[in-house]
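K.L.:
Generate coordinates for the sequence data below:
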Amino acid sequence: MDRDFADFWNLLWEAGLGVCAAFALLNAFAPAQDLPWKPLDLSQPIGQATAAKVADFELARSAAPEETAAVTEACIQVLRDAGVTVERAGDKDDGGFCVVRGAVRITGGAVTPLPGNPVMQCPLAVRYVIWDRQVLQPAAQAAFGSRVAKMDSVGTYSCRRIYGQTSASAKPSEHARANALDLGGMTLEDGRKVSVLADWDGTGPRGAEGQGFLKRIRAGACRVFSTVLTPDYNEAHRDHLHLDGAPRGLCA
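P.N.:
I've put the predicted structure just below:
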C-alpha cells in the first residue's frame, strides 16, 4: 500500500515537471501574439491571442470611473509604446443609450491618419492600428506598389440607432458608443484614390486590383474587428466599410 502511494506521488511529480517543462518551452519559443499571458505588442502579426488581449481593454457599461480611468490609461500606453500619438477625449453620457467611456483621439505618430482625429473607444483605436499595420499597408503595397497616405470619408461617434431608425425598439448603433469606424476609401502616397463605392465591384478606376485590395482588407479586418460590414452585406453599406468592436461577431 505504501509503495503504491509512493509510486503515485512520483508519477504525479514527474507529470508536474513535464507540464512545467512544456510551459517553459511554449513560453520561450511560441510566437508572443499566440500566448494570452504575453503583453499586447502592436508591431506583432495578428495571432491566436490578439483578440483576447484587445478585449482586456473593453469596459462594461457599468464600469466605475476609477476602473474606466485605469483601463483606458493602460490602453493608451499600449498605443504610445507602438509610436502612436494619442490623447484622452471626453467621455459622453446623454442619459440614454449614447454612452461613451474610455474615449481617445489618435492625433499622429506611426499610423495612417484619420481626418479630423475622430473620437473612438480606446480598444477600437487599438484594433485600427493593428489593422493598419498588419493588413491595410501590406495589402496596398502588394496591390499598388504604394502605401496608404490617409483615410477618406471617416465616421465614428454618432448618437443614433442602427441604420438611422427612430423607433425605440431599434437597437442602438455601435456608433452611439464610439465603438464603430466607417471608412469610405483611402488615398495612396502616389495620389491615387481607392473608393469603396466606386471600386468594390472591380469596375471603378482601380479596376480588378482595387477590388482585390478591398476584399483583402475586408478579410483581414475580420481577424481584428468583431463586426465587418461591406457592400456585400446590404445597400446601407454600399459606400463604406463598417468596422466595430461589438460583442457579437459578423463578417459580411
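K.L.:
which residues of this protein score low on pLDDT?
P.N.:
The chain contains residues with pLDDT under 70 at 1-10, 12-30.
K.L.:
Could you give the bridge partners of the residue nearest to His237 when sequence neighbours are not counted?
P.N.:
Excluding the flanking residues, the one nearest His237 by Cβ to Cβ, 6 or more residues apart in numbering is Leu229, at 4.8 Å. Bear in mind the C-beta positions are built from the backbone N, C-alpha and C, glycine included. For Leu229, the beta-bridge partners are His242 (DSSP bridges).
K.L.:
wait, isn't Leu229 in contact with Arg238?
P.N.:
No. Using Cβ atoms under 8 Å, Leu229 makes no contact with Arg238, being 10.7 Å away.
K.L.:
Those two: which is more packed in?
P.N.:
More crowded of Leu229 and Arg238, by other Cβ atoms under 10 Å: Leu229, with 22 against 13.
K.L.:
Just list the residues touching the more buried one, thanks.
P.N.:
The contact partners of Leu229, taken as Cβ atoms under 8 Å, 6 or more residues apart in numbering, are His237, Leu241, His242, Leu250, Ala252.
K.L.:
Farthest-apart pair in those residues, please.
P.N.:
Leu241 and Leu250 (13.0 Å; Cβ to Cβ).
K.L.:
shared neighbours, the two?
P.N.:
In contact with both Leu241 and Leu250: Val228, Leu229, using Cβ under 8 Å, 6+ apart.
K.L.:
From the neighbour counts alone, determine which of these two ranks first.
P.N.:
Leu241 (21 against 14).
K.L.:
ok, the more buried one to Val135 distance?
P.N.:
Using Cβ to Cβ, to the nearest Å, we find Leu241 at a distance of 12 Å from Val135.
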